[in-house]
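Chemist: Let's see this in three dimensions:
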Amino acid sequence: KIKARTLLFDAWYSGSDNLKLIHRAGWTFFTTLKSNRLVSASKETGYQALLDVAPPPGGWSTGLEVRLNKVPFAVRLFKLVASNGDIEWVVTNNFAFTLTQQLVEATTRVRWQVEEFHRSFKQLTGAEK
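Modeler: Below is the predicted model:
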């Protein structure tokens, strides 16, 4: 009964069963991947670690279509590098031509604000208990 069109969540919830459920429901998702997740950019390369994935010809600005193990549909992979050098891998089932790395970064910032809100709420109210 969720009325959302787009779901934002972190790697904790990015298992193949969750991604398939969300995709079948017709929702768009943006999620991060744990660094040990394997992806396949082509049949020739097979599944490989995220750090071994070659950037697309035009760079990461429009992402790279990849496959995740046990996920029957393609996703778009983006590599976001923070100013301190930290890398965040984001995937989405949104294949709109207008989707850019800047839009993915903005969406990821929104997700992080929600994470911070929940953390603060739990700490300040004791809601976790």
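
Chemist: Show me what the least confident helix or strand in the chain by mean pLDDT is in contact with.
Modeler: Taking all helices and strands of the chain together, the one with the lowest average confidence (mean pLDDT, DSSP states H and E) is helix 101-125, at a mean of 78. Here helix 101-125 makes contact (Cβ atoms under 8 Å, 6 or more residues apart in numbering) with 6, 8-10, 30, 32, 60-63, 78, 80, 88, 90, 92, 127-128. Glycine gets a C-beta too; all of them are placed from N, C-alpha and C.

Chemist: What number of residues are in the vicinity of residue 50?
Modeler: A count of nearby residues for residue 50, using other Cβ atoms under 10 Å, gives 17.

Chemist: I'd guessed it sits against residue 41; true?
Modeler: No - Residue 50 is not in contact with residue 41 according to Cβ atoms under 8 Å; the separation is 10.6 Å.

Chemist: Could you pull out the buried residues of the least confident helix or strand of the chain?
Modeler: Buried positions in helix 101-125, judged by neighbour count with 16 or more other Cβ atoms under 10 Å: 101, 104, 107-108, 111.

Chemist: Return the subset of the contacts of helix 101-125 lying in strands.
Modeler: For the contacts of helix 101-125, membership in strands holds for 6, 8-9, 30, 32, 78, 80, 88, 90, 92, with DSSP state E as the criterion.

Chemist: Serialize those to CSV and add fields for pLDDT.
Modeler: Below are the ones in strands among the contacts of helix 101-125 laid out as CSV (pLDDT from 0 to 100):
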residue, pLDDT
6, 89
8, 89
9, 89
30, 95
32, 94
78, 96
80, 94
88, 94
90, 96
92, 96
